[in-house]
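Engineer: Quick one, structure for this:
(one chain, ligands or ions: 2)
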Amino acid sequence: MAKTIAVVNQKGGVGKTTTSVNLAASLAFHDQKVLLIDLDPQGNATSGLGFDKRSLEGSIYDAFAGKTAIADLVKPTAMEFLDAVPSSIDLIGAEIELVGVEGREMILKNAIAQVADRYKYIVLDCPPSLGLLTVNALSAADTVLIPIQCEFYAMEGLSQLSDTISRVRQTLNPSLDIEGVLFTMYDSRIKLANDVVDEVKKVYREKVFHTMIPRNVRLAESPSFGKPALLYDFTSRGAQSYINLSRELLIRNGILSESSPAQQTAEVLGSVPSGGVLS
Ligand code: ATP
Ligand code: MG
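Structural biologist: Residues are numbered from 1 along each chain as shown. Ligands and ions are numbered 1, 2, ... in the order given. Prediction:
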């Protein structure tokens, strides 16, 4: 049975999609079969994995609309161990269309149950809001991964997110846990970034990942090539930091041990259909 991880922060632009795509790819790199579901009508994870949003047949909207089973919406990606369910702009309408529908918070959970035995991890890229799509993600998830950008307003909204998680625990999903808090776009030379890290650690303590994601231009560039960073520039600090994050997560989950050797590049090369990965 897959472990479902929702990547959530209602603040925009903090690195949710970058984390969803690159964590999913890095888990796949560690031979974990992964399904990434794009729950954001913006479809950034969809285009970041190389799908053309205009010519897609089927998206997660069709599962919310009850038109298509999720198994029929799953698409392969350039990585053997990574599948995806794309999003589309129609998803904007889902929140309104589902008003009054009984069990509307559980649609995603029920959909995922049909494919959960095919994967080790299901990663949910959430939109920047705490609306119905995010509530569906929180209801369906085993854990929440919270990316936090190390900037002045980082703490703002975190208490609102904690309240939402508590409310979901009380009603829809009692066993919802926190996978971890991840610092993104981190620059150790900036004092403010370190102050933010200290503040967040006071609240989330051991839930904070040791791995921090640096600001790295390759991470920002790779979506425009439709690739996760490890297929775009494997040796970049950005790609390597997400590989480290996936390793830390797999160690925390008891899948890898501290002494497991690091995965080799050749295995990524082997999983790409054509063309040079490192060129
Ligand atoms: P939204 O709330 O709109 O969904 P988001 O939380 O998903 O945004 P991203 O889209 O992942 O955030 O990142 C916002 C922008 O910052 C993007 O242009 C992305 O390429 C860039 N970015 C994210 N992480 C990094 C990083 N570590 N280094 C450099 N650029 C980054
Ligand atoms: Mg996003």
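Engineer: CA atoms for contacts and neighbours, from now on please.
Structural biologist: OK.
Engineer: Just the buried residues of stretch 237-254, please?
Structural biologist: Across stretch 237-254, burial judged by 16 or more other C-alpha atoms under 10 Å covers 237-250.
Engineer: Relative to Met155, which of those is nearest.
Structural biologist: Leu245 (21.9 Å; C-alpha to C-alpha).
Engineer: The closest one touches Ala25, doesn't it?
Structural biologist: No - using C-alpha atoms under 8 Å as the test, Leu245 is too far from Ala25 to be in contact (11.3 Å).
Engineer: Could you list the contact residues of the stretch 1-150 of the chain toward ligand 1?
Structural biologist: Within the stretch 1-150 of the chain, the residues that sit near ligand 1 (C-alpha under 6 Å from any ligand atom) are 11-18, 127-128.
Engineer: residue contacts, Asp125?
Structural biologist: 6-8, 16-17, 20, 36-40, 45 (C-alpha atoms under 8 Å, 6 or more residues apart in numbering).
Engineer: ugh, wrong one, I meant Asn110
Structural biologist: Ala140.
Engineer: how far away is it from Lys202?
Structural biologist: In this view, Asn110 and Lys202 are 36 Å apart by C-alpha to C-alpha, to the nearest Å.
Engineer: Show the contacting residues for the closest residue to Val14 other than its chain neighbours.
Structural biologist: Sequence neighbours aside, Gln149 is the residue nearest to Val14 in space, at 5.1 Å (criterion: C-alpha to C-alpha, 6 or more residues apart in numbering). By C-alpha under 8 Å, 6+ apart, the contact set of Gln149 is 14-15, 183-186.
Engineer: try 10 Å
Structural biologist: Gln149 makes contact with 11, 13-16, 155, 182-186, 193, 196-197, 213, 215, according to C-alpha atoms under 10 Å, 6 or more residues apart in numbering.
Engineer: Of these, which belong to helices?
Structural biologist: 16, 193, 196-197 (DSSP state H).
Engineer: if we can go back for a sec, between the contacts of Asp125, which has the most around it?
Structural biologist: In terms of neighbour count, Ala45 stands highest of the contacts of Asp125 at 32 neighbours, by other C-alpha atoms under 10 Å.
Engineer: ok, back up a step: farthest pair in the contacts of Gln149?
Structural biologist: Met155 and Arg215 (19.0 Å).
Engineer: got a pLDDT number for Ser279?
Structural biologist: Looking at Ser279, its pLDDT is 29.
Engineer: Actually, Gly275.
Structural biologist: 33.
Engineer: so where is the stretch 51-200 of the chain shaky, pLDDT-wise?
Structural biologist: Across the stretch 51-200 of the chain, nothing is flagged by pLDDT under 70.
Engineer: What are the boundaries of the strands in it?
Structural biologist: For the stretch 51-200 of the chain, the strands defined by DSSP state E, counting those that start in this stretch cover 75-76, 82-85, 121-125, 143-149, 177-184.
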